[in-house]
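Engineer: Give me a 3D structure for the following:
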Amino acid sequence: MPEALLVLNAGSSSLKFSLFRADDPPRPLLRGQIEGLLTRARFLASDGATVIGEKEWPPGTRLGHQGAIEFLFAWARNGLLGEHRISGVGHRVAHGGAGLVAPSRIDDALVAELEALVPLAPLHQPHNVAAIKAVAAMAPALRQVACFDTAFHHTQPPVARAVALPRRYTDEGVRRYGFHGLSYEYVASVLSREHSAAAPPERTVVAHLGNGASMCALRGGRSVATTMSFTALDGLMMGTRCGAIDPGVLLYLIDRHHMNGLALEQLLYEESGLLGVSGISSDMRTLLASRDVRAAEALDLFVYRISRELGSLVAALGGLDALVFTGGIGENAVPIRARVCRDARWLGLELDEQANASGGPLISTMDSHVAAWVIPTDEESMIALHTRRVLESEGSSVRPELQR
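Structural biologist: Down below sits the predicted model:
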């Protein structure tokens, strides 16, 4: 019976899942999600060509992560897997701290470590842990692997990780970590394959632009600097997150508006960014279609911040050979890519307007000194690959919990 790997990406109100045949490399079989976990849950799964499963719960149903995983397991047992059996589950985990720098087999001790890191990723880590616990409750013998979004950045030099605070704080883990590492790792692997006949670009900046957004400087495919830091709040302006901000603003809000930690967290994570500046939406598609001047101002600021950070990352690299767009906005928002590339003309980047309009993958001209690419990210494939390798290193003996 062929083995398969289940990949889970748990968010605050959704559970994304993918199933991969455990080949080398893993081969995708299906993808889907259960959204609205706290309001009105909706389930959809597809094999890439057709919808193979869908369900909607009554309004007000609070399915939660436990209920979503129980449903997913039951649905799988009712014929989803065909002749496949699940031999392992890979989880996207937002934060691995300073010590967890490689995909790791999950046990009770690791779960405790992940829970201790919740303050560093309050929007993501609790839900990642909830999914891990839900799987363990449903299938205690099923092996699980944690893949960390911070791990890819452990190659950065100490100076790039440092913050200018007293050492007593850095000694307890206050430093720059960086996120979206699984996405950057996947893009780096694609760049390497694209240039299999020649050397891949040595100095690359990847812009992962979505509701959460960051940029990363890669030298030889390894992270040397990134825009997110201690938490996923820093750096670029995002859908609802403010990105980099003068700490004095926070002191002002505490003093003048009497905000406490919870109020600041709500403001900075949920009410700022594209949504806060526009007052309309955090959705890039909505803002691009709007004629409201506030939408235009939000887009101007979004592009400006990307262009500023690009200059900073180019300085860290000592030059630039390639710029890569990925993530929901990076892959689909043609006008945003065009504006960023035009702002980067000083680097020798010449945009091919027609190639950009068609989605690339190469969107720079043949004469451009800097290549510009659009590379769709696939964090799930990266997680499946890591999960396979971790489980393979432990031996092939498994006790599958999900099989027909």
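
Engineer: residue ranges with poor pLDDT in this protein?
Structural biologist: 79-82, 196-198, 396-404 (pLDDT under 70).

Engineer: how near is the residue located most distally from the centre of it to E271?
Structural biologist: For the chain, the residue at maximal distance from the C-alpha centroid (Cα atoms, centre = their mean) is R256, at 35.0 Å. Between R256 and E271 the computed distance is 17 Å (Cβ to Cβ, to the nearest Å). Placement of C-beta: from N, CA and C, glycine included.

Engineer: Please apply the same query to V7.
Structural biologist: 31 Å.

Engineer: and the end-to-end length of stretch 265-275?
Structural biologist: End-to-end distance of stretch 265-275 (Cα to Cα, to the nearest Å): 15 Å.

Engineer: Show me what it is in contact with.
Structural biologist: 122-123, 233, 237-243, 245, 253, 259, 281-284, 287, 298, 302 (Cβ atoms under 8 Å, 6 or more residues apart in numbering).

Engineer: can you pull the buried residues of that stretch?
Structural biologist: L267, L268, Y269, S272, G273, L274, L275 (16 or more other Cβ atoms under 10 Å).

Engineer: what would those residues look like in JSON lines with distance to P361 and secondary structure?
Structural biologist: Formatted as JSON lines, the buried residues of stretch 265-275 follow (distance: Cβ to Cβ, whole Å; DSSP: H, G, I helix; E, B strand; the rest coil):
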{"residue": "L267", "distance to P361": "38", "secondary structure": "helix"}
{"residue": "L268", "distance to P361": "35", "secondary structure": "helix"}
{"residue": "Y269", "distance to P361": "33", "secondary structure": "helix"}
{"residue": "S272", "distance to P361": "32", "secondary structure": "coil"}
{"residue": "G273", "distance to P361": "28", "secondary structure": "helix"}
{"residue": "L274", "distance to P361": "26", "secondary structure": "helix"}
{"residue": "L275", "distance to P361": "30", "secondary structure": "helix"}
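
Engineer: I'd like these laid out as a markdown table, including distance to F148.
Structural biologist: Below are the buried residues of stretch 265-275 laid out as a markdown table (distance: Cβ to Cβ, whole Å):
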| residue | distance to F148 |
| --- | --- |
| L267 | 27 |
| L268 | 23 |
| Y269 | 20 |
| S272 | 26 |
| G273 | 24 |
| L274 | 27 |
| L275 | 28 |
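
Engineer: Quick check: the two most widely separated of those?
Structural biologist: Farthest pair in those (Cβ to Cβ) is L267 and L274. Separation: 14.6 Å.

Engineer: now the helices for the stretch 301-404 of the chain?
Structural biologist: According to DSSP state H, counting those that start in this stretch, the stretch 301-404 of the chain carries its helices in the segments 327-332, 334-343, 353-357, 379-393.

Engineer: The contacts of stretch 265-275 in strands, which ones?
Structural biologist: Using DSSP state E, the subset of the contacts of stretch 265-275 located in strands is empty.

Engineer: Now a ChimeraX select for only the buried ones of these.
Structural biologist: Filtering the contacts of stretch 265-275 down to the buried ones (16+ other Cβ under 10 Å) takes a single ChimeraX command:
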select :122,123,233,237,238,239,240,241,242,243,259,281,282,283,284,287,298,302
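
Engineer: Can you check which of the helices of the stretch 301-404 of the chain gets nearest to E202?
Structural biologist: helix 334-343 (20.2 Å).

Engineer: So which residues of the stretch 51-200 of the chain form helices?
Structural biologist: 64-75, 108-116, 125-138, 158-161, 167-170, 181-194.

Engineer: mind giving me a markdown table with these and columns for mean neighbour count?
Structural biologist: Shown next, in a markdown table, are the helices of the stretch 51-200 of the chain (neighbours: other Cβ atoms under 10 Å):
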| stretch | mean neighbour count |
| --- | --- |
| helix 64-75 | 19 |
| helix 108-116 | 14 |
| helix 125-138 | 20 |
| helix 158-161 | 13 |
| helix 167-170 | 10 |
| helix 181-194 | 21 |
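
Engineer: In a markdown table: the ones you listed, plus distance to R219.
Structural biologist: Below are the helices of the stretch 51-200 of the chain laid out as a markdown table (distance: least, Cβ to Cβ, whole Å):
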| stretch | distance to R219 |
| --- | --- |
| helix 64-75 | 38 |
| helix 108-116 | 30 |
| helix 125-138 | 29 |
| helix 158-161 | 11 |
| helix 167-170 | 24 |
| helix 181-194 | 11 |
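
Engineer: of all these, which lies closest to D24?
Structural biologist: Across the helices of the stretch 51-200 of the chain, closest to D24 is helix 181-194 (Cβ to Cβ), at 14.0 Å.

Engineer: Show me what that closest one is in contact with.
Structural biologist: 92, 147-153, 200-201, 204, 206, 208, 216, 218, 221-223, 226, 322, 324, 326-327, 361, 373, 375, 377-379, 381-383.

Engineer: Could I get the contacting residues of the nearest residue to S364 once chain neighbours are set aside?
Structural biologist: Counting by Cβ to Cβ, 6 or more residues apart in numbering, S364 lies nearest to A372, which is 4.0 Å off, once chain neighbours are set aside. For A372, the contact set (Cβ under 8 Å, 6+ apart) comprises A322, L323, V324, F325, R337, C341, L349, L351, L362, I363, S364.

Engineer: Show me the contacts of stretch 265-275 that map onto helices.
Structural biologist: L253, M284, L287, A298, F302 (DSSP state H).

Engineer: Which pair of these spans the longest distance?
Structural biologist: L253 and M284, at 26.9 Å, using Cβ to Cβ across the ones in helices among the contacts of stretch 265-275.

Engineer: Centre of the chain to stretch 202-210, how far?
Structural biologist: On the basis of Cα atoms, centre = their mean, to the nearest Å, stretch 202-210 sits 13 Å off its chain's mean C-alpha point.

Engineer: swap in stretch 338-346?
Structural biologist: Worked out by Cα atoms, centre = their mean, stretch 338-346 lies 24 Å from the chain centre.

Engineer: how much space between C242 and V334?
Structural biologist: 26 Å.

Engineer: And for L275?
Structural biologist: In this view, L275 and V334 are 22 Å apart by Cβ to Cβ.

Engineer: Write a ChimeraX command that selects only the buried members of the contacts of helix 181-194.
Structural biologist: In ChimeraX syntax, the buried subset of the contacts of helix 181-194 is picked out as below (16+ other Cβ under 10 Å):
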select :92,147,148,149,150,151,152,153,200,201,204,206,208,216,218,221,223,226,322,324,326,327,373,375,377,378,379,381,382,383
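
Engineer: Cool, thanks, talk later.
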